[in-house]
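> Fold the following and give me the result.
(chains A and B)
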Number of protein chains: 2
Amino acid sequence: MRPLTTADLNPAILKVQYAVRGELAIKAEELREKLQSESHGLPFKKVISSNIGNPQQKGLDQPFLTFTRQVAALMEYPPLAEIVKDKWPQDVLDRAKELQEDIGSIGAYSHSKGVPLIRKHVAKFIEERDGYPSDPEDIFLTAGASAGVSLILNVLITPNQTGILIPIPQYPLYTATLAQFSGVALPYHLSESEGWSTSLEEIKAALAKAKQDSVMPRAIVVINPGNPTGAILDKTTMCNLVRLCEEHSLVLLADEVYQANLHRPDTHPFHSFKQVVRELNSPIPLFSFHSISKGVKGECGRRGGYFECTNISDEVRALLYKMASVTLCPPLSGQIGVDCLVRPPRPNEPSYALWKKETDTIHEALRHRTQLMAQRLNSLPGVSCVDSPGALYLYPKLELPDKAVEEAQKLGKSPDTLYALQLLEETGICVVPGSGFGQKDGEHHYRLTCLCPGVEEYVSALENFHLKFLKKYGGL
Amino acid sequence: MRPLTTADLNPAILKVQYAVRGELAIKAEELREKLQSESHGLPFKKVISSNIGNPQQKGLDQPFLTFTRQVAALMEYPPLAEIVKDKWPQDVLDRAKELQEDIGSIGAYSHSKGVPLIRKHVAKFIEERDGYPSDPEDIFLTAGASAGVSLILNVLITPNQTGILIPIPQYPLYTATLAQFSGVALPYHLSESEGWSTSLEEIKAALAKAKQDSVMPRAIVVINPGNPTGAILDKTTMCNLVRLCEEHSLVLLADEVYQANLHRPDTHPFHSFKQVVRELNSPIPLFSFHSISKGVKGECGRRGGYFECTNISDEVRALLYKMASVTLCPPLSGQIGVDCLVRPPRPNEPSYALWKKETDTIHEALRHRTQLMAQRLNSLPGVSCVDSPGALYLYPKLELPDKAVEEAQKLGKSPDTLYALQLLEETGICVVPGSGFGQKDGEHHYRLTCLCPGVEEYVSALENFHLKFLKKYGGL
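Residues are numbered from 1 along each chain as shown, chains lettered A, B, ... in the order given. The predicted structure follows:
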């Protein structure tokens, strides 16, 4: 018997990298373990996992929305209705009853595309958002947006032939999934000096390079609002992107999971690509992704989301359905979450006031923290940070002292990994180095989430560490 | 702009087939829709989806286990504890409190391998089952067993090179996933005349053929208890299989999701491959899969399960963890389900009596139905059916009249598809034709689940249809 080694395995899998849960996250787990012993000797009391947009995690404790959870509890145990009937709002009871009558037990597999009734509600939500019709048959509920992205990329990519345009910096799900399915990443750089804007020239250059390399570009990924950048596309750029997809026969993958995370909606509103495609009456094939994990809901653990197909033929849709059916169905708990996302309480309903207060509070906290953190980081020597108008992140750029860069090289690490590791070891704050998202050669960044209960303490820790780091390596 | 056609897509995806939710299931959905109109004109009142082991689906309505659902409801909405504290059993309240204190919110992503505490409980469950140690670090919680199988096959398969031995008949997840990842299926036939037993000679013949075809056999899939066969492996066969894996350096994938579905445990007990591997002190790499979707729990909609790695190096395990982390984490609702599966109420606890009654009732119903259905099907002309000692299915063999076979050929369908389509259209019972699971050339089968509320009515419908079908095609 030969033992199983990595040399025996699918070589594509060996190439997969996923920095959000990589070296830093593993180190963070170790430190969290270590903190449990009384004589840990660490210079902090808790690990803050700012590597991942996970609002309800322990220590961050963004509260859940009461409406969603009361409905979900009733779905878990329908006889509960009798017990809480005079204690919980009538609209909660009504919603759960309506869903139960339609779905039956949440312990049963649903339709592989998701519960038809919930898909109808998603379509209605999209119609109200965009002002254009949406067909429930074009909606696929998924186990979070990631599962949808993975399905679509798996279907679009002919191994070692198909190119997918991805922004740099990007959310590493894309590079990881491209590596998994042997797709060719065609990176296009976002412009940091213009607030991480998307440049058509960069995309055209990437397309030209693909041609040179005999790679067939099949699709373009656009993350809007951006991850890790927090940038929001203006409508003109979106129109130009759609025209570019027409010209080059590209499928558009619109990752819109942060569509509700808008810190300055008056000046930086969100427009969906579905709306722009319909306004332009464009024939481009579009897959739009949304999720219950972000926004103010932050229900990551339920694994719920959806994608909408626009300008996708019945034949291709049937193929997607076939693939969805192999995984049986998305988790019902996520599907219930999607229903509550797209059908929040209305102003005349008894749950509305609490729901409004809860969501307003979270929106305001995110806005406030993002702004404060960007401002304070920008005041530090050697740090510049675009003040994100959306999403849950900041992506500051670091000018690191030569000595730090040299030390990183000696250790075989990227300089921002060195920085992030020391930040973690000294403050307990776990961020993701820019090398995990992509950046220009010689640049250094890190991504941190704007999720933290005590923002003052958190920013101070970042500041103190940064100054100490500069001093240590002769940069001050 | 060229439209997106299936010719543009990953050719591997086009080859995927998944009969459990294929033509029959789609037709069943259409009929279910049609039944909603008053003038449907159909000769039945409801569609029974016997194509899929989905116990809690509407119409079958296998009840949920109260303990699981009460714990889950408390996890959804922790303030509920105050309301139900004098109404629900103390062990339910204690369990939810323990999990809440450890996990925090179920709206947060967990560790990508699953909540560490729940993995500890799984390891303990395995230790008690097998009498051998189990390490929580070897446990990966998953979104049902399918997600685990898909992960392992993706990692094991180098496209167009790696062969995986699969039983015929098999659960079509395996052929579908092999097609998806361009693995080579190496079929070995089970012996129907010996109660669907597993023959080493068949496996050796498949290995010889692989060698001839220059395919590298990497792993063998064993489904025990069998799906669709319901057969249970005896220990001698299991030992021989392990030795064969040693000899040919094969990874063993043990699909043990029906381990709790035993109709005659005295004569047909379940042994896990983990136990056999440890007893033999064998070094073979083993992945064992389990799920909350089957057994008497039937919590398919939660998407929960786990796999255990045995004799897997740290290096390979780290790679599995990396891939698990790209999908973030399994649904927390499924993870809570796993905890309740592996830690049911104990005899001295207040929930025990009800839990025992609920589980006993379901076990007995499954046993009774399986036995009755096998007996009645066996009495029909042209039908023979192994009386399954386990799992949730029967897989009767049909001798079909020549005229039926000819008609099927004219329609470009397999004869058992013709049979199953007519069964559906005349009775509303949706089964899966044997061609979806695999069978010898010229043979015809179908798989039906032993899940139905009124077994007498159900069997009568099968009988009446069968006789009518034979008459129609001159077989009576």
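> Remind me which helix or strand A:L241 belongs to.
helix A:235-248 (DSSP states H and E).
> do the same with A:A176
Element membership for A:A176, per DSSP H and E: helix A:173-180.
> Of all the residues in that helix, which ones are buried?
Judged by neighbour count using 16 or more other C-beta atoms under 10 Å in any protein chain shown, the buried positions of helix A:173-180 are A:173-180. (Each C-beta comes from the backbone N, C-alpha and C, glycine too.)
> ok, those vs A:L372, which is closest?
Proximity of the buried residues of helix A:173-180 to A:L372 (C-beta to C-beta) peaks at A:L173, which lies at 28.4 Å.
> Does the residue lying closest to the closest one once chain neighbours are set aside lie in a helix or a strand, and which?
With sequence-adjacent residues excluded and distances taken as C-beta to C-beta, 6 or more residues apart in numbering or on different chains, A:L173 is closest to A:S146, at 5.6 Å. Per DSSP H and E: A:S146 is located in helix A:144-156.
> Counting neighbours, what do you get for A:H40?
Here the number of neighbours of A:H40 (other C-beta atoms under 10 Å in any protein chain shown) works out to 13.
> Contacts made by the helix holding A:L241 with the rest, please.
A:197-198, A:200, A:203-204, A:207, A:217, A:220, A:222, A:224, A:233, A:250-252, A:271, A:273, A:276-277, A:280, A:282-284, B:1 (C-beta atoms under 8 Å, 6 or more residues apart in numbering or on different chains).
> Which PyMOL command selects the buried ones in those residues?
The PyMOL selection below is limited to those of the contacts of helix A:235-248 classed as buried (16+ other C-beta under 10 Å):
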select buried, chain A and resi 197+198+203+207+217+220+222+224+233+250+251+252+271+273+276+277+282+283+284
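> Narrow the contacts of helix A:235-248 to those in strands?
Judged by DSSP state E, the subset of the contacts of helix A:235-248 located in strands is A:217, A:220, A:222, A:251-252.
> For A:Q259, give its distance to chain B.
Per C-beta to the nearest C-beta, to the nearest Å, A:Q259 is found 19 Å from chain B.
> Ramachandran angles for A:N160?
phi 60, psi 10 (degrees, to the nearest 10).
> got the contact list for it?
By C-beta under 8 Å, 6+ apart, the residues touching A:N160 are A:182, A:184.
> hmm, try it at 6 Å
A:S182 (C-beta atoms under 6 Å, 6 or more residues apart in numbering or on different chains).
> My reading is that A:C309 lies in a strand. Confirm?
Yes: assessed with DSSP: H, G, I helix; E, B strand; the rest coil, A:C309 lies in a strand.
> Give me the distance between the closest residue to it other than its chain neighbours and B:G59.
Once flanking residues are discounted, A:C309 sits nearest to A:D138: 4.4 Å by C-beta to C-beta, 6+ apart. Counting by C-beta to C-beta, to the nearest Å, the separation of A:D138 from B:G59 is 28 Å.
> do the same with A:F287
Using C-beta to C-beta, A:F287 is found at 34 Å from B:G59.
> quick one: which of the two has more around it?
Taking other C-beta under 10 Å, A:F287 and B:G59 do not tie; A:F287 has more neighbours (28 against 15).
> Identify the bridge partners of that one.
For A:F287, the beta-bridge partners are A:L253, A:C309 (DSSP bridges).
> okay but it is in contact with A:L151, surely?
No: using C-beta atoms under 6 Å, A:F287 is not in contact with A:L151; the gap is 9.4 Å.
> Output the below-cut-off pLDDT ranges for the stretch 51-200 of chain A.
Within the stretch 51-200 of chain A, no stretch has pLDDT under 70.
> What is the nearest of the ones in strands among the contacts of helix A:235-248 to A:P55?
Using C-beta to C-beta, those come closest to A:P55 at A:V222, 23.7 Å.
> Give me the distance between the closest one and A:G434.
Distance, A:V222 to A:G434, using C-beta to C-beta: 20 Å.
> do A:I336 as well
Using C-beta to C-beta, A:I336 is found at 37 Å from A:G434.
> need the residues of the stretch 51-200 of chain A near chain B, please.
For the stretch 51-200 of chain A, the contact set with chain B under C-beta under 6 Å from any C-beta of the partner chain comprises A:54, A:56-58, A:64, A:69-70, A:72-73, A:76-77, A:80, A:104-109, A:112, A:155, A:157-158, A:176.
> Next step: those restricted to strands.
Among those, DSSP E puts none in strands.
> where does the closest residue to A:T310 other than its chain neighbours land on pLDDT?
Distances taken as C-beta to C-beta, 6+ apart put A:L286 closest to A:T310, at 4.0 Å, once the chain neighbours are dropped. A:L286 is assigned a pLDDT of 98 by the prediction.
> How about the contacts made by A:L286?
Neighbour list for A:L286: A:252, A:273, A:277, A:310 [criterion: C-beta under 6 Å, 6+ apart].
> While we're on the second one, how confident is the model there?
Taken from the predicted model, the pLDDT recorded for A:F273 is 98.
> Quick check: the gap between it and B:T162.
39 Å.
> And for the last one?
Applying C-beta to C-beta, one obtains 37 Å for the distance of A:T310 from B:T162.
> got the phi/psi numbers for A:L451?
Per-residue torsions, A:L451: phi -110, psi 110 (degrees, to the nearest 10).
> for the residue nearest to A:P344 when sequence neighbours are not counted, phi and psi?
Spatial nearest neighbour of A:P344, chain neighbours left out: A:W355 (6.0 Å); criterion: C-beta to C-beta, 6+ apart. Here is the backbone geometry of A:W355 (degrees, to the nearest 10): phi -60, psi -40.
> So A:W355 sits against A:R69, correct?
No: with contact defined as C-beta under 6 Å, A:W355 does not count as touching A:R69 (11.4 Å).
> Those two - which one has more neighbours?
Shown here are A:W355 and A:R69; by other C-beta under 10 Å, A:R69 has more neighbours (25 against 22).
> show me the contacts for that one.
A:R69 makes contact with B:76-77, according to C-beta under 6 Å, 6+ apart.
> And for A:K294?
Neighbouring residues of A:K294 by C-beta under 6 Å, 6+ apart: A:257-258.
> and with 10 Å instead?
Residues counted as contacts of A:K294 (C-beta atoms under 10 Å, 6 or more residues apart in numbering or on different chains) are A:53, A:55, A:144-145, A:225, A:227, A:256-261, A:300, A:305, A:391-392.
> What of A:S134?
A:119-120, A:122-128, A:274, A:278, A:308, A:310.
> Could you find the residue in the stretch 351-476 of chain A that comes nearest to chain B?
Nearest residue of the stretch 351-476 of chain A to chain B (C-beta to the nearest C-beta) works out as A:L451 at 10.8 Å.
> With A:P63 as the reference, measure out to the closest residue to A:D61 other than its chain neighbours.
Leaving aside its sequence neighbours, A:D61 sits nearest to A:P453 (C-beta to C-beta, 6+ apart; 6.3 Å). Distance of A:P453 to A:P63, computed by C-beta to C-beta: 11 Å.
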